[in-house]
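K.L.:
All I have is the shape, not the residue letters:
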């Protein structure tokens with residue numbers, strides 16, 4: 001293959017006529033990727049990114065790869081000199097070249113990037129996929145690549161200086177991951193420019209934050225003009241003005257402590273847009289703990305900013321035409337959009353990821369504003385790695401964070417009198433609201449009645465009798481089984497509505513819409529009773545407004561969320577009533593039980609005189625943080641670089657990514673046959689049949705997310721054996737006779753025998 005006319009191929013595609021287009025020449029791809037990576041890494045380490053792009057595909061120069069691509073593409077097959085088309089790995093040659101050019105440790109930075117640019121960042125220690133093994137095993141690949149006619153300037157490169165973000169053992173893993181993002185996005189986009197140029201054109205079309213800011217101002221002016229003057233709206237306006245004033249402050253870490261109903265969603269967006277204008281920020285990311293409320297917030301933003309302004313990126317996104325198009329699908333790959341609404345899982349798992357698809361977006365977080373809605377929902381077992389990466393992003397990558405919640409968690413660093421760190425956490429968090437305690441008092445719309453921890457516990461039958469005396473009430477319990485049991489005891493199917501995770505999202509949405517409709521009709525003299533029995537899923541930002549809420553004993557943050565469903569719009573002449581009760585059975589073991597135990601402990605010591613005051617939440621979260629580990633899975637040590645003679649830069653990227661799972665999905669997904677309004681049959685049978693014919697139809701999987709529940713693997717196996725579940729198109733599908741249009745998944749063992757009403 002050597003000679004003056006040799007063409008080294010990076011990629012080959014078909015042209016519109018069905019023949020072969022001009023090939024993507026390898027040196028051209030390396031140069032273009034290097035310059036694109038350099039552009040993305042302007043605030044990260046541009047010289048490092050440039051070298052990673054320049055060397056990432058050196059292995060493609062080897063004869064084995066060139067023969068392989070010629071055979072597979074049909075381009076000059078006569079110049080392919082092997083008899084079989086087996087794949088030819090090419091990611092290790094550039095890694096070895098980097099190590100050979102620089103002193104130990106520095107060259108290994110690039111080696112991690114280059115070796116992982118297809119399969120993901122490797123661990124240093126481990127089996128065949130580890131960087132340690134590949135550097136030892138890939139010498140033949142490197143030597144074969146050097147036998148080719150590689151332009152000398154591609155092989156050259158001087159060792160760049162390390163930026164501050166890469167100088168410490170604690171920081172270097174994130175810095176490498178950010179460089180990795182620049183490389184893999186540049187590689188993807190240059191390849192896409194050759195293979196699918198129409199996509200490159202689509203990527204160039206997007207709004208700016210300045211345009212969104214103008215739209216938002218217009219929307220807020222219209223909202224104010226339509227709002228009725230009242231004390232609640234005056235308080236909301238004062239919160240809004242505080243956010244606009246704080247937007248002038250320097251970039252960093254903020255908290256926004258606003259009780260439920262204070263309008264923090266729009267106020268936090270106002271802060272972000274104004275802060276972006278003052279500090280030339282590139283984008284806004286709004287991270288939410290639950291997919292069940294993400295669409296609600298995204299729709300609020302669309303109302304003010306337009307349908308084309310918001311990129312939703314989460315697992316349950318329905319493929320509705322008005323919400324998704326080619327541009328939005330492309331932007332979801334690397335978050336090249338001015339406003340992204342996503343989940344904590346998507347955000348923080350990406351910041352700890354090793355896979356290319358997850359890491360690709362990270363460089364677009366630089367110089368951004370990230371709002372964490374309901375910040376108290378960050379799992380305590382991950383507080384240390386989460387706060388560490390938040391602090392690093394603020395210190396080195398220009399990120400402004402806003403912890404937005406009514407129940408502010410304790411995520412700040414704790415030091416003793418000698419300046420020694422007792423609990424790691426965030427530093428220098430600035431509160432946007434001047435006097436959160438005073439604001440909580442002003443926005444108080446409910447009285448919370450806590451139980452006497454020493455008093456007898458209440459039975460479900462006794463609780464049902466109490467609820468039956470109320471015309472409009474919400475009762476929140478801790479388990480699906482309890483929700484069904486209590487609703488069944490009340491009877492009256494027409495006026496007793498049930499919500500639990502045994503119901504798929506589509507089913508829950510229908511019930512929630514009915515609840516809101518019934519609540520609104522009660523303001524118009526509809527005297528039908530309305531009693532709603534729900535698990536804690538209704539606490540997750542579902543905007544309902546009841547005069548009375550009963551809540552089973554739980555963590556103080558959950559009680560506060562329940563209180564947010566009571567007298568939400570302050571329409572009652574007197575404060576609403578939130579009554580916390582102790583059922584005969586405690587919360588399930590785990591985090592729910594621990595929250596309940598700590599609340600009871602604080603009650604017993606007389607520290608919850610004002611349960612919804614910021615001081616009470618501080619006491620609750622401090623006590624919670626003192627129990628158990630805040631880095632339960634040991635992620636921080638895995639991402640802290642070690643250096644020895646045999647391991648110049650030992651970091652366990654892949655192992656850390658595998659352990660960083662904010663939601664421990666100990667169950668399996670089951671597709672359920674819910675029927676919507678006016679439907680005689682569920683649509684899932686037709687959708688699954690289509691997948692059985694063609695499994696590549698991704699839009700169907702997105703549709704099925706709305707018809708999915710999660711149950712344990714043991715339950716799934718048991719129900720499959722009993723004929724409740726069948727496997728179709730690689731999915732678990734519940735048979736129609738086992739889905740109840742009121743209860744949801746209606747397993748035989750969950751069925752409750754008909755009982756006389758208790759009132």
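P.N.:
Nice, thanks for sending it over. For clarity, every value in this text was computed on a predicted model and none was experimentally measured. Numbers count the residues shown, from 1 in each chain.
K.L.:
only C-alpha atoms for contact and neighbour calcs from this point on.
P.N.:
Will do.
K.L.:
Residue 691 - how many residues pack around it?
P.N.:
19 (other CA atoms under 10 Å).
K.L.:
One more: residue 188?
P.N.:
For residue 188, using other CA under 10 Å, the count is 14.
K.L.:
in which helix or strand would I find it?
P.N.:
Under the criterion of DSSP states H and E, residue 188 resides in helix 172-195.
K.L.:
Return the set of buried residues in that helix.
P.N.:
172-187, 189-191, 194-195 (16 or more other CA atoms under 10 Å).
K.L.:
so how far is residue 381 from residue 627?
P.N.:
Counting by CA to CA, to the nearest Å, the gap from residue 627 to residue 381 is 10 Å.
K.L.:
Which one of these two is surrounded by more residues?
P.N.:
residue 381 (19 against 11).
K.L.:
List the contacts of residue 613.
P.N.:
437, 440-441 (CA atoms under 8 Å, 6 or more residues apart in numbering).
K.L.:
of those, buried ones?
P.N.:
For the contacts of residue 613, buried by 16+ other CA under 10 Å: 437, 440.
K.L.:
how about the strands in the stretch 301-450 of the chain?
P.N.:
Here the stretch 301-450 of the chain has its strands, by DSSP state E, counting those that start in this stretch, at 311-313, 339-343, 369-373, 400-405, 414-415, 421-423, 429-431, 446-449.
K.L.:
can you give me the offset of the third one from its chain's centre?
P.N.:
Yep, that's strand 369-373 we're talking about. Here strand 369-373 is found 11 Å from its chain centre; the criterion is CA atoms, centre = their mean, to the nearest Å.
K.L.:
tell me the angle that strand makes with strand 339-343.
P.N.:
Orientation check (axes from the mean of the first three to the mean of the last three CA atoms, to 10 degrees): strand 369-373 against strand 339-343 gives 40 degrees.
K.L.:
Tell me the strands beside strand 369-373, with direction?
P.N.:
strand 284-288 (parallel), strand 400-405 (parallel) (DSSP bridges).
K.L.:
can you check the last one too?
P.N.:
In the sheet containing strand 446-449, the strands it pairs with under DSSP bridges are strand 576-581 (parallel).
K.L.:
Residues contacting the partner strand, please?
P.N.:
By CA under 8 Å, 6+ apart, strand 576-581 touches 445-451, 457-458, 546-553, 559, 562-563, 566-567.
K.L.:
Now with 10 Å, please.
P.N.:
Applying CA atoms under 10 Å, 6 or more residues apart in numbering, the contact partners of strand 576-581 are 444-453, 457-458, 463, 473-477, 545-554, 559-560, 562-568, 570.
K.L.:
chain center to the helix or strand following that strand, what's the gap?
P.N.:
Next helix or strand after strand 576-581 toward the C-terminus (DSSP H and E): helix 591-604. In this view, helix 591-604 has its centroid 28 Å away from the chain centroid, taken as CA atoms, centre = their mean.
K.L.:
Give the buried residues for whichever strand or helix holds residue 214.
P.N.:
Following DSSP H and E, one finds residue 214 within helix 209-226. Neighbour-count burial for helix 209-226, counted by 16+ other CA under 10 Å, picks out 209, 212-213, 215-216, 219.
K.L.:
Let me have those in CSV, adding pLDDT as columns.
P.N.:
Below are these laid out as CSV (pLDDT from 0 to 100):
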residue, pLDDT
209, 90
212, 92
213, 91
215, 92
216, 92
219, 90
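K.L.:
ok, of these, which one's closest to residue 690?
P.N.:
Relative to residue 690, the closest of the buried residues of helix 209-226 is residue 212; by CA to CA it sits at 39.7 Å.
K.L.:
burial count for the nearest residue to the closest one once chain neighbours are set aside?
P.N.:
Spatial nearest neighbour of residue 212, chain neighbours left out: residue 305 (6.0 Å); criterion: CA to CA, 6 or more residues apart in numbering. Neighbours of residue 305 under the rule other CA under 10 Å: 21.
K.L.:
same check, this time on residue 462
P.N.:
Residues contacting residue 462 under the criterion other CA under 10 Å number 12.
K.L.:
Please, which helix or strand holds it?
P.N.:
Going by DSSP H and E, residue 462 is part of helix 460-468.
K.L.:
What strands flank the next helix or strand after that helix, and is each parallel or antiparallel?
P.N.:
For helix 460-468, the succeeding helix or strand toward the C-terminus, using DSSP H and E, is strand 472-476. On the basis of DSSP bridges, the sheet neighbours of strand 472-476 come out as strand 530-534 (parallel), strand 548-552 (parallel).
K.L.:
mind putting those in TSV, distance to residue 507, mean neighbour count and mean pLDDT included?
P.N.:
Shown next, in TSV, are the strands paired with strand 472-476 (distance: least, CA to CA, whole Å; neighbours: other CA atoms under 10 Å; pLDDT from 0 to 100):
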stretch	distance to residue 507	mean neighbour count	mean pLDDT
strand 530-534	13	24	95
strand 548-552	23	24	97
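K.L.:
To residue 135, which of the ones you listed lies closest?
P.N.:
Closest among these, once you apply CA to CA, is strand 530-534, at 55.8 Å.
K.L.:
quick one: that closest one to helix 460-468, angle?
P.N.:
Going by the same axes, to 10 degrees, strand 530-534 makes 140 degrees with helix 460-468.
K.L.:
centre of the chain versus strand 530-534, how much separation?
P.N.:
30 Å.
K.L.:
Repeat that for stretch 56-70.
P.N.:
Using CA atoms, centre = their mean, the offset of stretch 56-70 from its chain centre is 38 Å.
K.L.:
Need the distance between the two termini of that stretch.
P.N.:
20 Å.
K.L.:
Okay, buried residues for the helix or strand where residue 514 lies please.
P.N.:
Per DSSP H and E, residue 514 falls inside helix 505-522. For helix 505-522, burial by neighbour count (16+ other CA under 10 Å) applies to 505-508, 511-512, 515, 518-519.
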